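Undergrad: model this:
(4 chains)
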Protein chains: 2
Amino acid sequence: MLHHVYQLGETLQTYGYKLTVQRQTVLDAMLKNTDKHLSAEEIFEKVKEINPHIGMATVYRTIQLFEKIGIIHQIFLNDGMMRYHMVNPDEKHEHHHLICEICGDVIDVKEDMLETFEEKLLLKKGFIVTNHRVKVFGICKTCAKKLEDEKKHNEED
Amino acid sequence: MLHHVYQLGETLQTYGYKLTVQRQTVLDAMLKNTDKHLSAEEIFEKVKEINPHIGMATVYRTIQLFEKIGIIHQIFLNDGMMRYHMVNPDEKHEHHHLICEICGDVIDVKEDMLETFEEKLLLKKGFIVTNHRVKVFGICKTCAKKLEDEKKHNEED
DNA sequence: GTAGATGCAAAATTTTTGCATGCCG
DNA sequence: CGGCATGCAAAAATTTTGCATCTAC
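TA: Sure, this is the predicted structure:
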């Protein structure tokens, strides 16, 4: 099963926490949705689909725990609520989020691309970067193409 | 007075909103604290110091309005609540926030430094950047120096 | 004068907490 | 078995909203 990749039991044990059905279920729900950025409420819904007996409070406590031990990350996508997603253990730092202002799509970018930025921060500010959280607003490829097509179409009339 | 720099009346008028004592007061409160990142509650407290008659609901509505017309920006600094700060009208894009993981200090960086990053996003993802919101976690200059001094000190023992 | 803004209180959300019970290690 | 974890419900915290009243333009 996928979640074994995360070795939840061992990770929890390392920090002195117990592996419970509830924690495993929250992890499973999140692993089924690695492409999405789920809110606490949405995680709760997915969890209930698997095991309706699990309570909201436990989901909140589990989310907090998972954040603390670094297997999920929190992000605020400016839509009114906190959202969460799995951390890829291979990634040295958080991935970036491109938010299209036209279609609202959120694109994950795993490549760092911030080497130059980090060098500048160290040089100019003496700040040693350990992690970064980047949200980029703009126009995605698809919407940019649509806009261009529309423009062409209008010119032809 | 400082707030005239923001020409609040004219800005509001442009969007069809009225200039009220309450809105002016919220702006004044924020302008007195441009070095801080205030929460809604903290803004309310500062506002009450100037005019105790203004209500919390008005502060919330004003914050939303100010965000919409772009004179303040919202940021979530991972301390459990949204925080707000004035936008410098000279800045083309939002400034970056460096968050020291040791002392908790938040350092504003006005320089962009992301030119290379934006070029890469356009080249590799076809994404046209209009704005970005960057939080950088790490060790600030002061704390880095302290750590180094301590290390030296220990080595001398 | 009139549409938009405010204040208050109530409602809606979101998150946390207390405590008896359950269950992992 | 002992202590951490859970479920439930209640509380706390945060934000929004309805509505009568007020006020900027």
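Undergrad: Can you identify each of the helices in chain A by residue range?
TA: A:8-14, A:21-31, A:40-50, A:56-68, A:115-125, A:141-156 (DSSP state H).
Undergrad: State which strand of chain A is the longest.
TA: In chain A, taking DSSP state E as the definition, the longest strand is strand A:128-139.
Undergrad: quick one, that strand and helix A:115-125 angle?
TA: 120 degrees (axes from the mean of the first three to the mean of the last three C-alpha atoms, to 10 degrees).
Undergrad: quick one: is stretch A:128-136 near chain B?
TA: Yes - using C-beta under 8 Å from any C-beta of the partner chain, stretch A:128-136 reaches chain B at A:128, A:129, A:130, A:131, A:132, A:133, A:134, A:135, A:136. Just so you know, the C-beta spots here come from the backbone N, C-alpha and C atoms, and that holds for glycine as well.
Undergrad: still on that earlier bit, need the contact partners of the longest strand of chain A.
TA: A:75, A:77-78, A:93-94, A:96-102, A:114, A:118, A:121-122, A:147, B:101, B:121, B:127-139, B:144 (C-beta atoms under 8 Å, 6 or more residues apart in numbering or on different chains).
Undergrad: so of the helices of chain A, which one's packed in deepest?
TA: helix A:21-31 (a mean of 20; mean count of other C-beta atoms under 10 Å in any protein chain shown).
Undergrad: Now which of the contacts of strand A:128-139 would you call buried?
TA: Taking 16 or more other C-beta atoms under 10 Å in any protein chain shown as the criterion, what is buried in these is A:75, A:93-94, A:96-100, A:114, A:118, A:121, B:121, B:127-129, B:132-139, B:144.
Undergrad: List of residues touching stretch A:120-127?
TA: With C-beta under 8 Å, 6+ apart as the test, stretch A:120-127 has contacts from A:128-129, B:98, B:100, B:107, B:109, B:111, B:113, B:136, B:138-141, B:144.
Undergrad: And stretch A:60-73, by the same measure?
TA: With C-beta under 8 Å, 6+ apart as the criterion, stretch A:60-73 contacts A:6, A:8, A:11-12, A:15, A:17, A:22-23, A:26-27, A:30, A:40, A:43, A:74, A:84-87, A:94.
Undergrad: out of those residues, who's near DNA strand D?
TA: The residues of the contacts of stretch A:60-73 that also fall near DNA strand D, by C-beta under 7 Å from any atom of the strand, are A:17, A:22, A:23.
Undergrad: Columns pLDDT and distance to chain B on top of these, output as TSV?
TA: Formatted as TSV, those follow (pLDDT from 0 to 100; distance: C-beta to the nearest C-beta, whole Å):
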residue	pLDDT	distance to chain B
A:17	94	22
A:22	96	24
A:23	96	23
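Undergrad: and of those, the nearest to residue B:152?
TA: residue A:17 (37.8 Å; C-beta to C-beta).
Undergrad: and the closest one, how many neighbours?
TA: Residue A:17 is flanked by 15 other residues according to other C-beta atoms under 10 Å in any protein chain shown.
Undergrad: and what of residue A:92?
TA: Using other C-beta under 10 Å, residue A:92 has 9 other residues around it.
Undergrad: likewise residue A:35?
TA: Counted with other C-beta under 10 Å, residue A:35 comes out at 9.
Undergrad: Relative to DNA strand D, how far out is the closest residue to residue A:83 other than its chain neighbours?
TA: Among residues not flanking residue A:83 along the chain, residue A:37 sits closest, at 4.0 Å (C-beta to C-beta, 6 or more residues apart in numbering or on different chains). Going from residue A:37 to DNA strand D by C-beta to the nearest atom of the strand, to the nearest Å gives 19 Å.
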